[in-house]
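> Give me a model of this one.
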Amino acid sequence: MNNRCIDVNLPKTAGIDFKRRRCRRAPTSTPGCSMPTILFVDDHPIYRDGLQRLLAEIEPGLTVCTASGYAAALELLNDNRDIDFVLADRRLSDGDGISLLQDVRRQWPDVAIGLLCADLTPEVAIKMRQLGGVACLSKERSANSLQDAIGRIFDGQIVFDLEAQSAPLDVLPARQWEVVTLARDGQSDKQIADRLKISENTVRMHWRQIFIRLDANNRTAAVAKAIQSGLI
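Modelled structure (predicted):
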């Protein structure tokens, strides 16, 4: 299978500036943080390798992994537990990108997921919203625009090129549901992290996604809106 990861130490390109480094798996007391690791899944080698080089320019030390398809991506995820973000093409030679991301969400709930595809539709955006995706990007983006989008994602933002305005607010991804439910029961971020066996940084990452999904500015508002909407 066509899997590989590269550690990149290139000069930082203009216009891309991460304000945070992802420290999702490290204890908060650990000095320093490892740089993000991204897995890009696409069955077209020219596009796959080109995007790998493009992503490599975002941040020195970023680890960029690639996989040629559905099975190869799952194999790499099983072997590499440091992956922070999976970005997949919608159409793969051995399966569907959305189905792959559903598997990722189910087996590795703390890994962020996103879709990059040529045929972006409102229905696809709805599915990605319901999965708790952090990205739904069009392949029509320019290289600079795609760099900017990925940089914003690793800075904690959610980037959708086509908004799923008709998507019902009827579901939270499993891990986000657990975070909101435990917060409703009065648990702090540290207690939630201990209960779910994840780091406090990971809990905060989930809160950022919850705030955007529920259009809330803080924990109290998010919990209240989740209760009012019948999500918890």
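
> what packs against the longest helix seen in the chain?
In the chain, ranked by residue count with DSSP state H as the criterion, the top helix is helix 200-214. Contact partners of helix 200-214 among helices and strands, from 3 or more Cβ pairs under 8 Å, 6 or more residues apart in numbering; DSSP states H and E: helix 174-184, helix 189-196, helix 219-228. C-beta here means a position set from N, CA and C on the backbone, and glycine is covered the same way.

> The first one - contacts with which helices or strands?
Based on contacts counted as 3+ Cβ pairs under 8 Å, 6+ apart, the elements that helix 174-184 packs against are helix 189-196, helix 200-214, helix 219-228.

> got it, and the second one?
For helix 189-196, the elements it packs on are helix 174-184, helix 200-214, judged by 3+ Cβ pairs under 8 Å, 6+ apart.

> Any idea which of the ones you listed gets closest to Leu162?
Closest of the helices and strands packed on helix 189-196 to Leu162 is helix 200-214, at 15.8 Å (criterion: Cβ to Cβ).

> Please spell out which residues along that closest one are buried.
Residues of helix 200-214 classed as buried: 200-207, 209-211, 213-214 (neighbour count, 16 or more other Cβ atoms under 10 Å).

> same thing with stretch 75-91?
Of the residues in stretch 75-91, those buried (16+ other Cβ under 10 Å) are 76-77, 83-90.

> tell me the contacts of the residue lying closest to Ala135 once chain neighbours are set aside?
Of all residues beyond its chain neighbours, the one nearest Ala135 is Gly114 (2.9 Å), with distances taken as Cβ to Cβ, 6 or more residues apart in numbering. Taking Cβ atoms under 8 Å, 6 or more residues apart in numbering as the contact definition, Gly114 lies against 85-88, 101, 128, 133-137, 153, 159.

> surely Ala56 meets Val64?
Yes - proximity of Ala56 to Val64 meets the contact threshold set by Cβ atoms under 8 Å, at 5.4 Å.

> Next, format the helices and strands packed on helix 189-196 as TSV and append distance to Asp96 and mean pLDDT.
Supplementary listing: the helices and strands packed on helix 189-196 in TSV, determined by distance: least, Cβ to Cβ, whole Å; pLDDT from 0 to 100:
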stretch	distance to Asp96	mean pLDDT
helix 174-184	20	89
helix 200-214	23	86
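
> Switch those helices over to CSV; also include distance to Thr121.
Putting the helices and strands packed on helix 189-196 into CSV (distance: least, Cβ to Cβ, whole Å) gives the following:
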stretch, distance to Thr121
helix 174-184, 24
helix 200-214, 20
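
> For Leu231, find the nearest of these.
With Cβ to Cβ as the measure, helix 174-184 is the member of the helices and strands packed on helix 189-196 nearest Leu231 (7.1 Å).

> picking that back up, any idea how far the residue nearest to Ala135 lies from Ser188?
From Gly114 across to Ser188, the span is 29 Å (Cβ to Cβ, to the nearest Å).

> hang on, the earlier thing: give the helix, strand or coil label for the residue nearest to Ala135.
Reducing the assignment at Gly114 to three states with DSSP: H, G, I helix; E, B strand; the rest coil gives strand.

> Who is it paired with across the strands?
Beta bridges link Gly114 to Leu87, Ala135 when assigned by DSSP bridges.
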